[in-house]
Structure formats: C-alpha cells, structure tokens
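Visitor: have a look; sequence and predicted model below, questions after that.
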Amino acid sequence: MDLCAGFDGPHPHHVDLRLPPAARPTVSRQAHHRPALDAVHASWHGRRPHRHRRVAPLARRVVSAFVDIPSPGWPLTFGEAGNPSIVIIHDRFGRLPYLESYATALASRGFFVVVPDLFNGLATIDAPSADELRDAMDLGFALATLDDAIALGRNGTSKVGIIGFEIGGWLALQAAQAGSADAVVSYAGGLTENEPGILPCPVLLNYSDLGDWGTGTEADLFVSRLKEMGTPVTRHTYVGTNDIFANATLVERLDKNAAALAFARSTNFLQEQLVD
C-alpha cells in the first residue's frame, strides 16, 4: 500500500480547527485550475457511489484553486458490505485522492469503508482555499451527512468506527457523542471546554506537535476530561509534524514515517474495537 501518493502543494497555513467559525463565507468552483489541481482528476478512478446523496446548502461565489471531485456529494465505498465498518472524514482540503489508498488499505484488512464528501464536490491543494471550504461548511449538514454514512456502514454489521482527519477529527468526536460509533480515531482534532459532552466509545488520538491542536493546555484538558468521564483514550504525539501530516496528496506537508505509524496504530486499534 502506498499512503504517500500525491503531488506538490503549498506550505501549511495554521488555523483554529477546534470550533466552527462564526462567519462562514461561501465558495464556488473556479473554471480554470492550476495544472497541479488538474492532476487530481487523473488520479481518481473506479469510484463506487452510494445511491443516497445529500446536497450541501451552500451559496457560491468564485474563488481560486478549487477542483471538482468525482462523485460529488456521494459517499464512496470500499470492501465488502457486512464487514465491520469504518467511516473516513476528510480534512479541510476535501476528499482528495490519497483517501482512496487509505480506504483500500483498510478494506484489505477486512473492513467495509465509507468515505463521504462534506464539501459538495469541491477539493483543493491550496491552504487559503481549504480555509474557505472549512468556513463555508454547515455543521448541521455535515453531521447529518455523517449520520447517513454511519447508517450505511452499520447496515448488516453491528460495529462502526470513525476516522477523522484534522477538522474531520473534530467532526468525528462531535458525531460520536450521539452514541452512533463504537470507536473513534481523531487526527489533530479535539473538543474544548465549551463543547461539553460524553464520548461513550474508545478514542485514539493521533496528534501533531507543531499544529494548532495536539499540544498545550487545552489538548491536555481534553484528554483529562475523557479519562474523568471514563472514556478509554489513547494519545500519540508525532514529533515534528503538522496537522496535515497524514495527507499524502499534499506531499510538502506529509510526514511519511509518522503517517505510516499512525495508520498502523489506527488499524490495530480499530481491529481490537470492531472485530469480534
């Protein structure tokens, strides 16, 4: 499995990923993209959408550096339905091609994998544009889309796990508070003191030490709160990494060794929690 397939992208842009922004600008597709963005299209193939699609309630305006992804708004599925399931939630850059390799690798280990699209068919390799996608995301729509993906994964099986990357890690923790997941893996995501709630399932945290979430008092308090609530929690910190260290499409942000180790730890954790 190659978790590092991708192409060159810009350098990291640090943002606050813990709370959904109060101001939400709207976005639209741009008619012309940079050549690197066009490469995203060529790297996608063989997607299998599910028949149920949600359409995000986003008004649109023209901004730069967006690309249209295949099967916009549809969840992609990998593996055999009926197996223990995993829902993968993309980061603020959208559903980029590396998630296919990630999902295929999980499917080869006996999981049924669902990868929803929360950005209504848009993705980017440009950090400011990724910020706009994140800011335009409607939280209610995103959580409803995740509920659909979890229901799709649970069909025919009793256990479903969630893996979320960056803002997807925050969303994974939000969704798990409803009791719909049996295990959660969060990359660079956590909940603040202003986001109270009980997580009724085991949690694995893959944190960077140079990003916006994972070090410092708030992250420590989040882990302490989980333990006080009785939530089984395991925390790993990857030295020298940023919040997007596992996004293999953005090779300038990617830390291959940390990404491979985090994948192995996440897979082992989910096998322990989901496989009888």
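Guide: Yes, it's here.
Visitor: quick one: the helices in the stretch 51-200 of the chain, in order.
Guide: Using DSSP state H, counting those that start in this stretch, the helices of the stretch 51-200 of the chain run over 98-108, 127-136, 139-154, 167-176.
Visitor: and among these, the most buried is which?
Guide: Scoring these by mean neighbour count under mean count of other C-beta atoms under 10 Å gives helix 167-176 as the most buried, with a mean of 25. The C-beta positions use only the backbone N, C-alpha and C, and glycine is treated the same way.
Visitor: can you check the pLDDT for the closest residue in space to S180 that isn't next to it in sequence?
Guide: Of all residues not flanking S180 in the chain, I150 sits nearest, at 5.0 Å (C-beta to C-beta, 6 or more residues apart in numbering). I150 carries a pLDDT value of 96.
Visitor: with the one 4 residues further on instead?
Guide: The predicted local distance difference test score for R154 is 92.
Visitor: wouldn't the residue nearest to S180 be in contact with A181 here?
Guide: Yes. The criterion here is C-beta atoms under 8 Å, and I150 meets it with A181 at 6.7 Å.
Visitor: overlap in contacts, those two.
Guide: Residues touching both I150 and A181 by C-beta atoms under 8 Å, 6 or more residues apart in numbering: V87, V160, I162, A175.
Visitor: ok, so of the residues you listed, who is nearest A81?
Guide: Checking these against A81 with C-beta to C-beta, the nearest one is V160 at 12.1 Å.
Visitor: what is the neighbour count of that closest one?
Guide: Counted with other C-beta atoms under 10 Å, residues neighbouring V160 total 25.
Visitor: so which helix or strand takes in K227?
Guide: Under the criterion of DSSP states H and E, K227 resides in helix 217-228.
Visitor: what's the spacing between A149 and A142?
Guide: According to C-beta to C-beta, to the nearest Å, A149 stands 11 Å off from A142.
Visitor: coming back round to it: from the shared contacts of I150 and A181, which two are the most distant?
Guide: V160 and A175 (10.4 Å).
Visitor: now do the shared contacts for those two.
Guide: I150, A181.
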